[in-house]
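Visitor: I'd like to go over a predicted model; first the sequence, then the structure.
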Amino acid sequence: MEVEGEVKHWRDAGHVARRALEAIKDEIQVGKTWHQVIESAERYIHRHGGKPAFPSTISVNEIAAHYTTDHALTPPEGWEGDMIFQKGDLVKLDIGVHIHGCIGDNAITVEVGNGGEHTDQIRASKEARDCAIEVMHPGTPWHKVGAAAGQAAIDAGFNPIRNLCGHQLKPWILHAGVSVPSYRCGAENSAFKGVVEEGSIYAVEPFCTTGEQGLIENIPPRNSSNIYRVTGDVQWRKALQKKKLKPLGAQLARNLEERYGTLPFAERWAFPLLEKPFPEADEMSRKSKWNALVKKLIQIRYLETYHGLRCADGGMIGQFEHTVMITPGGPEVLTVE
């Protein structure tokens, strides 16, 4: 961390993210729609001085992460019924806030109706997060962080998810290269070499499951999350000059980059951008044009998209998350009220 002003942005983003999570979790009630809660979270962020660092996501039961609603409110593939909360649903709410690119990322798991069916798993998910954070002092090897999180889940009778990790945060970069394990990965695992570094910031988010495999899988199709991101690897002006993009595609690329930088954005945020160039188009026609434009932007690697994620063997999944800054004296949790 280089300047005190930037540290303040990180702390402020963490505070807004936590306040949003605490305020919105009480809206997860029987009869409410997923979309109502998602939109309420994003409105709260804007009202309290932040901007969404990514679209707020709702993941119910076996769905693990990365799902937000699209403009047409299309449910994830394989989801039976309406996207309305039912008593006993196990719901993960993940909210991110940025202030000048500095990110606060946090999540919570709740049971709709508080019937007590998932109390042990909710407690285990929270303890896994807290046990991981407790050992995150400068110089701690990553395999020890993973072991601490994983053991908390196992001791409670659940399996840690092994192929979905926490991540380092940097300004304007949600996933900044370093992965934070949530299971006993071992000292020789090449994916988790290195140590916790002083001055770095990490999103710590263990997932645990009632399933046996301890794995998540992609929900088809490729863009099932309804979330996209400008990669930053391709310049739209050069793509236009080289005729890789037509003027309309270049204009959409420019608008997306100006609005969202390299942070993830929702399809439902960006879809209205087509209203101006196609004022007479009906819904089907506009959706077709959107799909074609986005397909091209992904093809030239200007955009990337994400799968929604679910438990590979249908188990229920729990998750808690904090954003943590590593100080000389140890971890400072930033996502606090």
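Guide: Everything's here; your move.
Visitor: give me the pLDDT for Glu337.
Guide: Glu337 is assigned 81 on the pLDDT scale.
Visitor: give me the nearest residue to it, chain neighbours excluded.
Guide: With Cβ to Cβ, 6 or more residues apart in numbering as the criterion, Glu337 has its nearest non-adjacent residue at 5.1 Å, and that residue is Arg18. All C-beta atoms are positioned from the backbone trio N, CA, C, and that covers glycine.
Visitor: same check, this time on Phe85
Guide: Leaving aside its chain neighbours, Phe85 sits nearest to Val112 (4.7 Å; criterion: Cβ to Cβ, 6+ apart).
Visitor: wait, the one you found sits on Asp89?
Guide: Yes. In this structure Val112 lies within contact range of Asp89 using Cβ atoms under 8 Å: 4.2 Å.
Visitor: list the buried ones in stretch 110-126?
Guide: Val110, Glu111, Val112, Glu117, His118, Gln121, Ile122, Ala124, Ser125, Lys126 (16 or more other Cβ atoms under 10 Å).
Visitor: format those as JSON lines; extra columns: pLDDT and secondary structure.
Guide: Putting those into JSON lines (pLDDT from 0 to 100; DSSP: H, G, I helix; E, B strand; the rest coil) gives the following:
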{"residue": "Val110", "pLDDT": "98", "secondary structure": "strand"}
{"residue": "Glu111", "pLDDT": "98", "secondary structure": "strand"}
{"residue": "Val112", "pLDDT": "98", "secondary structure": "coil"}
{"residue": "Glu117", "pLDDT": "97", "secondary structure": "coil"}
{"residue": "His118", "pLDDT": "98", "secondary structure": "coil"}
{"residue": "Gln121", "pLDDT": "98", "secondary structure": "helix"}
{"residue": "Ile122", "pLDDT": "98", "secondary structure": "helix"}
{"residue": "Ala124", "pLDDT": "98", "secondary structure": "helix"}
{"residue": "Ser125", "pLDDT": "98", "secondary structure": "helix"}
{"residue": "Lys126", "pLDDT": "98", "secondary structure": "helix"}
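Visitor: farthest pair within the residues you listed?
Guide: Within these, Val112 and Ala124 form the most distant pair, 18.5 Å apart (Cβ to Cβ).
Visitor: show me the shaky parts of the chain.
Guide: Residue ranges of the chain with pLDDT under 70: 1-5.
Visitor: give me the longest helix you can find in it.
Guide: helix 4-24 (DSSP state H).
Visitor: and it, C-alpha only, in PDB?
Guide: C-alpha atoms of helix 4-24 as PDB (Å, rounded to 0.1, in the frame of the first residue of the first chain):
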ATOM      1  CA  GLU A   4      -2.500   6.800   3.000                       C
ATOM      2  CA  GLY A   5      -5.200   8.200   0.800                       C
ATOM      3  CA  GLU A   6      -5.500   4.900  -1.000                       C
ATOM      4  CA  VAL A   7      -5.700   3.000   2.300                       C
ATOM      5  CA  LYS A   8      -8.600   5.200   3.300                       C
ATOM      6  CA  HIS A   9     -10.400   4.300   0.000                       C
ATOM      7  CA  TRP A  10      -9.900   0.600   0.800                       C
ATOM      8  CA  ARG A  11     -11.300   1.000   4.300                       C
ATOM      9  CA  ASP A  12     -14.200   3.100   3.100                       C
ATOM     10  CA  ALA A  13     -15.100   0.600   0.400                       C
ATOM     11  CA  GLY A  14     -15.000  -2.200   3.000                       C
ATOM     12  CA  HIS A  15     -17.300  -0.200   5.400                       C
ATOM     13  CA  VAL A  16     -19.900   0.400   2.600                       C
ATOM     14  CA  ALA A  17     -19.700  -3.200   1.500                       C
ATOM     15  CA  ARG A  18     -20.300  -4.500   5.000                       C
ATOM     16  CA  ARG A  19     -23.200  -2.000   5.700                       C
ATOM     17  CA  ALA A  20     -24.800  -3.100   2.500                       C
ATOM     18  CA  LEU A  21     -24.500  -6.800   3.300                       C
ATOM     19  CA  GLU A  22     -26.000  -6.300   6.800                       C
ATOM     20  CA  ALA A  23     -28.800  -4.100   5.500                       C
ATOM     21  CA  ILE A  24     -29.800  -6.300   2.600                       C
END
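Visitor: much appreciated, bye for now.
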